[in-house]
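In: Okay, predicted coordinates and the sequence, questions at the end:
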Amino acid sequence: MGFPDLPCRGLACRIILGSLLALLIPFLGFMVFVHYDDQRWMERELRSQARAIYHFVTTTRQWIAWHGGIYIQDEEGRYRLVTPSHFVKDLLTFSKDKLPYHIKVAVKSPKNPAHAPDAFEKEALQALAQGKREYARLEEGLYRYAAPLTFKPECRSCHRELEVPSMAGCISLSLKTTSIEGYLKKRKRLLTLFFGLMFGAVALSLSFLLRKTVLVPLSKFKEATQRIWEGHFARVHLGSRDEWQALAQAFNAMSERLENHQKELEEQVAQATRELKEAYEKLKETDRFKSEFFSHISHDLKTPLSAIKGTLDFLLRQDPENAHLRIAEKNVHKLLRMIEGILDLTRLEHGQIEFQKTLVDLGSLVEEVSLAHQPLAWEKSLDFQWALPEHPLWVEADPDFLYRALANLLDNALKFSPEGSQVRVRVLSENGWAQVEIEDSGPGVEEAEKNQIFHKFYHKNSGGLGLGLAISYNVIQAHGGEIEVRKARVLPGSLFVVRLKLAHGN
């Protein structure tokens, strides 16, 4: 179970609020207990007072009845006989404005309307008739109490017609609760004030203790951790002798080990970087020597091969049907194409080619490339189809080099697709780019090879020097385009995608 959401999220605030909450819950329980206990105490106190008044009234009535009434002198000096009933009536008149309670005699069938019972007194008469010794209830601002009015033998002097002992009615008392309720409210206010002051003192004490014993050390650890994160291996100094000091010593030891380990790693990385840089420089030098070697040897071979080609052309004009001369001519053409490829790739890599760029309709260029490769598709009985857009897609490019790049890709697709399979070429536009898709039925390209097939001299069971895709890649890159290989969507082989930026005005 998680910690409840609090208005503040700091550690000190959470601890203080949690502690106050732990005190507040018992306090609320205590106040509920005090409330109900006060109610019971108030009822007991009021019942005790009501009983005392009741016994005083009944005892006085019996004493007056035992004497057969008493004579009292009124304000005019005349003596008046006072019976028990007169006594209650006079006491009622006297207590009406001077005492905090009200006395009344209530009977079931009163001859005097003053003795008619109200709702409470009717309930009391019914309860007393069933044998209860008293009946009481707490109402708004009043405590109602009723006990039986019993006629005893001494009452025969005034009530000869009644049987004794018998219950003629009840004595009803109404005590005001204003004073005692005010006392209880005052006590509750004092308790609330006391606990409020106690909560405040606890909060201040906790704030002081937390700041000194928790927050200050914690903030130092936080600052040190932040500095370590920034790369500065800081230490924590507290100067205390408690658990924080033990933690600080362990933290400082960890920081020191991290710093030493960081230095070792930096030295190892620096050494590895130096070695890698040296290896890279050697690799670049080797690659440069290799490129220069192929360029020089190709250039040196081109001249004698051109002379050989010229000689073969002369001999073939003399003897056109000579098969040996035809084979020699074919191989010389193959060697010349390889040499031209090496020279072109070297110039592309070193940026030594000046492209003759012009506006080219990519759809027309793809159609031209496709038509040129149609005979190769016929030889292998391939289902070779191409789809062109309805409108021209103009790109700014060197048409000869772009033709050669696309021809290399299509040549690969036709070469690696098995006889009787399918090859599809599609030209489309997408988000300001012209796109050529060449999908074949070949063996496909493994995921690990996708970043290698465009490297020069890379080939896989295909013969040749592995220059075609490298030349296509460099040509497309030089035109600001993109080329990639994916898994074919429909056919079982590969999907080569070439993207070129559309010229303005498309």
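Out: Yep, it's here. Because the structure is predicted, anything quoted here is derived from the model rather than measured. Numbering: from 1, shown residues only.
In: gap between the two ends of stretch 427-441?
Out: Terminal residues of stretch 427-441 are spaced 18 Å apart (Cα to Cα, to the nearest Å).
In: So which bits of that stretch are buried?
Out: 427, 433-441 (16 or more other Cβ atoms under 10 Å). C-betas here are computed from N, CA, C, even on glycine.
In: how distant is it from the center of its chain?
Out: Centroid separation for stretch 427-441 versus its chain: 42 Å, with Cα atoms, centre = their mean, to the nearest Å.
In: Report the buried residues of the helix or strand harbouring Leu365.
Out: In this assignment (DSSP states H and E), Leu365 forms part of helix 362-372. If you call a residue buried by 16+ other Cβ under 10 Å, then helix 362-372 has these buried ones: 362-363, 365-366, 369-370.
In: Switch those over to JSON lines; also include distance to Met254 and pLDDT.
Out: Shown next, in JSON lines, are the buried residues of helix 362-372 (distance: Cβ to Cβ, whole Å; pLDDT from 0 to 100):
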{"residue": "Leu362", "distance to Met254": "63", "pLDDT": "92"}
{"residue": "Gly363", "distance to Met254": "67", "pLDDT": "91"}
{"residue": "Leu365", "distance to Met254": "66", "pLDDT": "92"}
{"residue": "Val366", "distance to Met254": "65", "pLDDT": "91"}
{"residue": "Val369", "distance to Met254": "66", "pLDDT": "91"}
{"residue": "Ser370", "distance to Met254": "68", "pLDDT": "91"}
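In: of all the buried residues of stretch 427-441, which two lie farthest apart?
Out: Greatest spatial distance in those: Trp433 and Ser441, 26.3 Å, computed using Cβ to Cβ.
In: for the helix holding Leu365, packing partners?
Out: strand 383-387, helix 399-416, strand 422-430, strand 433-439 (3 or more Cβ pairs under 8 Å, 6 or more residues apart in numbering; DSSP states H and E).
In: which residues touch the second one?
Out: By that I understand helix 399-416. 353, 355-356, 358, 360, 365-366, 368-370, 372-373, 376-377, 380, 382, 384, 395, 423, 425, 436, 438-440, 442-443, 462, 468-469, 471-472, 475-476, 478-479, 493-494, 496, 498 (Cβ atoms under 8 Å, 6 or more residues apart in numbering).
In: Of the residues you listed, keep whichever come out buried.
Out: For the contacts of helix 399-416, a burial check counting by 16+ other Cβ under 10 Å picks out 353, 355, 360, 365-366, 369-370, 373, 377, 382, 384, 395, 423, 425, 436, 438-440, 442, 468-469, 471-472, 475-476, 478-479, 493-494, 496, 498.
In: Then Ala106 would be within a strand, right?
Out: Yes - counting by DSSP: H, G, I helix; E, B strand; the rest coil, one finds Ala106 located in a strand.
In: who touches it in this structure?
Out: 115-118, 121, 124-125, 146, 169-172.
In: give me the beta-bridge partners of it?
Out: Beta-bridge partners for Ala106, by DSSP bridges, are Cys170.
In: Show residues contacting stretch 499-506.
Out: With contacts defined as Cβ under 8 Å, 6+ apart, stretch 499-506 is touched by 359, 362, 392-397, 429, 432-435, 476, 479-483.
In: Stretch 206-221 now?
Out: Against stretch 206-221 from outside (Cβ under 8 Å, 6+ apart): 11-12, 15-16, 19, 236-238, 240, 242, 244, 247-248, 251.
In: just to revisit the earlier point, now the buried members of the contacts of Ala106.
Out: 115, 117, 121, 124-125, 146, 169-172.
In: Flag whichever of the residues you listed scores worst on pLDDT.
Out: Note: of those, the lowest pLDDT belongs to His115, at 80.
In: Could you list the low-confidence segments of the stretch 51-200 of the chain?
Out: 83-86, 90, 93-98, 151-166 (pLDDT under 70).
In: just the strands in the stretch 251-400 of the chain please.
Out: For the stretch 251-400 of the chain, the strands defined by DSSP state E, counting those that start in this stretch cover 358-361, 383-387, 394-397.
In: so which of those gets nearest Arg227?
Out: Using Cβ to Cβ as the measure, strand 394-397 is the one of the strands of the stretch 251-400 of the chain that comes nearest Arg227, at 55.0 Å.
In: Kindly format the C-alpha coordinates of the closest one as PDB.
Out: What follows is strand 394-397, C-alpha atoms only, in PDB (Å, rounded to 0.1, in the frame of the first residue of the first chain):
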ATOM      1  CA  TRP A 394      11.300  15.400 -63.800                       C
ATOM      2  CA  VAL A 395      14.500  15.100 -61.800                       C
ATOM      3  CA  GLU A 396      17.700  17.000 -62.200                       C
ATOM      4  CA  ALA A 397      20.400  14.400 -63.100                       C
END
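In: List of residues touching that strand?
Out: With Cβ under 8 Å, 6+ apart as the test, strand 394-397 has contacts from 355, 357-362, 402, 434, 479, 500-503, 505-506.
In: 10 Å - rerun?
Out: When contacts are defined by Cβ atoms under 10 Å, 6 or more residues apart in numbering, strand 394-397 is touched by residues 355-363, 365, 402-403, 405, 433-434, 475-476, 478-481, 500-506.
In: I'd say Ile16 and Gly200 touch.
Out: No - in this structure, Ile16 is not within contact of Gly200 by Cβ atoms under 10 Å, at 11.2 Å.
In: Mind checking which of these two has more residues around it?
Out: Taking neighbours as other Cβ atoms under 10 Å, Ile16 and Gly200 compare with Ile16 leading, 20 against 11.
In: ok, for that one, nearest residue in space, not its chain neighbours?
Out: Leu206 (4.9 Å; Cβ to Cβ, 6 or more residues apart in numbering).
In: Quick check: which element contains the one you found?
Out: With elements taken from DSSP H and E, the one containing Leu206 is helix 178-210.
In: Could you point out the helix or strand that follows that helix?
Out: Next helix or strand after helix 178-210 toward the C-terminus (DSSP H and E): helix 216-229.
In: Next, the distance between the ends of stretch 391-403.
Out: 20 Å.
In: and the stretch of helix or strand Leu46 belongs to with helix 216-229, angle?
Out: Per DSSP H and E, Leu46 falls inside helix 11-66. Between helix 11-66 and helix 216-229, the angle comes out at 150 degrees (axes from the mean of the first three to the mean of the last three Cα atoms, to 10 degrees).
In: Helix 11-66 - contacts with which helices or strands?
Out: With contacts defined as 3 or more Cβ pairs under 10 Å, 6 or more residues apart in numbering; DSSP states H and E, the packing partners of helix 11-66 are helix 84-98, strand 101-107, strand 135-139, strand 142-151, strand 166-176, helix 178-210.
In: The fourth one: partners in the sheet, and parallel or antiparallel?
Out: What it means is strand 142-151. Partners of strand 142-151, by DSSP bridges, with direction: strand 135-139 (antiparallel), strand 166-176 (antiparallel).
In: on that earlier part again, for the residue nearest to Ile16, report the pLDDT, please.
Out: 77.
In: swap in Phe3?
Out: With respect to pLDDT, Phe3 has a value of 42.
In: who does Trp433 bridge with?
Out: Glu430, Lys501.
In: Correct me if wrong: it contacts Gly481.
Out: Yes - with contact defined as Cβ under 10 Å, Trp433 reaches Gly481; the gap is 8.4 Å.
In: shared neighbours of those two, anything?
Out: Counting by Cβ under 10 Å, 6+ apart, the shared contacts of Trp433 and Gly481 are 395, 498-501.
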